[in-house]
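1. Using only what follows, build the 3D model:
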Amino acid sequence: MIYVSPVRGYLWSLIIYTGKTVFQTAFISGDTNKTAAIVLSLLEPLLEKGRTLWMDNFYNSPALSQRLKTLKTDCVGTLILSRKDVPQRVKGKKLQKGELVAQHSGTVSVLKWKDKKEVTIISSYHGEERRMNRTKCRQEKHKPYQFYITTNTWVGLI
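-> The predicted structure follows:
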């Protein structure tokens with residue numbers, strides 16, 4: 001598990017899995033699952049400083065996003081629909097190309113959009129705003145802003 005700074009491109013922190021590991025920090029409670037505990041352990045020195053974390057879908061979940069937001073840390077990334085607490089409205093909706101469905105719970109938004117395939121993003125940083133995007137064939141498409149950022153800039157991932 002690696003955190004890489006997207007600006008400077010350096011290794012922030014590394015945890016090598018060596019079997020059963022118990023993570024202990026002031027930010028981990030008894031009901032914190034293992035993947036959330038890994039993220040909180042890696043980020044401990046950066047929490048409560050107004051940072052934004054970009055994650056892939058292996059670590060992301062609605063509960064972790066809400067927890068990070070309470071620690072003054074925004075979270076953006078892809079999301080697996082089978083994760084616990086993903087809104088049924090987003091999970092069950094079948095989309096046509098160009099359609100979008102979003103559900104907000106407090107400061108966390110879960111958004112699913114379909115272009116060639118469905119992609120789900122969770123964010124405590126963005127809303128459901130859209131941006132005009134030009135394709136290779138010079139066609140204009142409205143794309144959710146999170147997808148534009150995620151697919152058009154290099155970001156650090158855990």
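2. Strands of the chain, start to end?
-> Assigned strands in the chain, in chain order: 2-4, 11-14, 52-55, 74-78, 100-105, 108-114, 118-123, 130-134, 140-144 (criterion: DSSP state E).
3. what's the distance between the nearest residue to Thr52 once chain neighbours are set aside and Ser123?
-> Of all residues not flanking Thr52 in the chain, Asp74 sits nearest, at 4.3 Å (Cβ to Cβ, 6 or more residues apart in numbering). Heads up, the C-betas are built off the backbone N, CA and C, glycines and all. Per Cβ to Cβ, to the nearest Å, Asp74 is found 8 Å from Ser123.
4. Comparing these two, which residue is more hemmed in?
-> Ser123 (27 against 18; other Cβ atoms under 10 Å).
5. Point out where the chain drops to low pLDDT.
-> For the chain, applying pLDDT under 70 flags the ranges 1-10, 126-158.
6. partner residues bridging the spatially most central residue of it?
-> Central residue of the chain (Cα atoms, centre = their mean): Gly77, 2.4 Å from the mean position. Beta-bridge partners recorded for Gly77 (DSSP bridges): Met55, Ile122.
7. What distance do you get for the nearest residue to Lys69 once chain neighbours are set aside to Asp115?
-> Leaving aside its chain neighbours, Lys69 sits nearest to Ser124 (4.4 Å; criterion: Cβ to Cβ, 6+ apart). According to Cβ to Cβ, Ser124 and Asp115 sit 24 Å apart.
8. Look at these two and report which has more neighbours.
-> Set Ser124 next to Asp115 and count neighbours by other Cβ under 10 Å: Ser124 wins out with 20 against 17.
9. List the contacts of the more buried one.
-> 65-66, 68-69, 74-76, 107-109 (Cβ atoms under 8 Å, 6 or more residues apart in numbering).
10. one more time with 10 Å, if that's ok
-> 52-53, 62, 65-66, 68-70, 73-76, 106-109 (Cβ atoms under 10 Å, 6 or more residues apart in numbering).
11. ok, now Lys97?
-> With Cβ under 10 Å, 6+ apart, Lys97 has these contacts: 113-117, 141.
12. Most neighbours of all these, which one?
-> In the contacts of Lys97, the most neighbours by other Cβ under 10 Å go to Trp113, 23 neighbours.
13. That one contacts Leu79, correct?
-> No. With contact defined as Cβ atoms under 10 Å, Trp113 does not reach Leu79; the gap is 11.9 Å.
14. what residues do the two have in common as contacts?
-> Counting by Cβ under 10 Å, 6+ apart, the residues touching both Trp113 and Leu79 are 119-121.
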